[in-house]
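Visitor: following is a predicted model, sequence given first.
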Amino acid sequence: MKPYLHTGKTPEDLADSFALQLISWTKEAEGDFHLALSGGRTPSLLFSLLAEKYSQEAPWQKINFWWGDERMVAPYDPESNFGVVNKLLFSKIRLSQSQIHRIKGEADPTEEAKRYGLEIKSLVPISNNWPVFDLSMLGLGDDGHTASIFPNQMQLMHSDDITGIAFHPTTGQRRITLTGKVLNNAKRVAFLISGESKAHIFNEIIHNSENSSVYPASHIHPKGELHWFGDEASMTGKKSKL
C-alpha cells in the first residue's frame, strides 16, 4: 500500500492539518483509542495547538496516551518526552491519570522496559501476538532514525520484544523504545516532519532509493495505513514563500 502524503506550507500549517486528522480518527474509533506519541519540535507545535485551539473538540476521554520512546531522564527534565506533552497539553485539558501511560525515565532501564512492555500487553489490543496501536506518531531524525531505533541498532527493528533499550550513537544517552514489529503492527503510522534537513532522507525513503535501507525509518511498513505529514521544506528541500 502506498503511503498517504500530506503537505502544509509551514510547520504551523502542518500541525493544524494533523490536529484535525487526529481528531477525526479519534472520533471514528469505536471504544478506546490507543495513541503512541513522539517527541521533537513538530509534535511540540501540535501539542500546543491541540491545547489552545482544539481543547473542546477532541474526544479526550477516548484516548489512551502512550510513548513510542523516552529518554532515561526524570519527568520534569526538559529532555523528557512525557514532560513536554504534560506541560503543553495535559496540564491544559481534562484527563484521567489512568489515560496516561508514561515510560518512567527515572527508573532502571532494564526493569522499566519490562514493566512498560507488560503494561502495553495488558491494555492495548493484541493481533498476530503483537499490540495494535490505533496510531503511532513517529519522527524522522537527520540520520534516518525513528522512535529511538538508530542506524547502528537495527536489531531493535527486528526484536521479538515489545520494548528495547537504545543508546544515542553520539552521546550514549540511554532510551527505551517500542520495537519495529510493534510499530509495524499499528492500524496507522504517521510521520511528522519539518525543516529542510529532512528532505534528502524523506525523498530517499519515499522513492525507495538504493541507499534507503540503511535508515530505520525506511523499514516502517505498517499492516495498516502509512501517512507522512510534512511542511514544504521537509518534502521539497525548499522553504515556502509566504
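Guide: Happy to help now that I have it. Since we're looking at a predicted model, the values are computed, not measured. Numbering: from 1, shown residues only.
Visitor: who's in contact with F167?
Guide: If a contact means Cβ atoms under 8 Å, 6 or more residues apart in numbering, then F167 has 150, 153, 173-175 as its contacts. Where C-beta positions appear, they are placed from N, C-alpha and C, glycine not excepted.
Visitor: on contacts alone, who are the packing partners of the helix ranked longest in the chain?
Guide: For the chain, the longest helix by residue count, based on DSSP state H, is helix 11-28. On a contact count with 3 or more Cβ pairs under 8 Å, 6 or more residues apart in numbering; DSSP states H and E, helix 11-28 meets strand 4-8, strand 33-37, helix 41-53, strand 188-193, strand 225-231.
Visitor: partner strands of the last one, with direction?
Guide: It stands for strand 225-231. Sheet partners assigned to strand 225-231 using DSSP bridges are listed as strand 4-8 (parallel), strand 188-193 (parallel).
Visitor: and the helix or strand that that strand is followed by, C-alpha only, in PDB?
Guide: Note on strand 225-231: by DSSP states H and E, the next helix or strand toward the C-terminus is helix 232-236. Taking Å, rounded to 0.1, in the frame of the first residue of the first chain, the C-alpha atoms of helix 232-236 are listed here in PDB:
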ATOM      1  CA  GLU A 232       7.100  22.100   2.100                       C
ATOM      2  CA  ALA A 233      10.700  22.400   3.300                       C
ATOM      3  CA  SER A 234      10.900  18.800   4.600                       C
ATOM      4  CA  MET A 235       9.400  17.400   1.400                       C
ATOM      5  CA  THR A 236      11.000  19.500  -1.200                       C
END
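Visitor: next one: helix 232-236 to chain centre, how far?
Guide: In terms of Cα atoms, centre = their mean, to the nearest Å, the centre of helix 232-236 is set 19 Å apart from its chain centre.
Visitor: before we move on, what about stretch 113-129?
Guide: Counting by Cα atoms, centre = their mean, stretch 113-129 comes out at 17 Å from the chain centroid.
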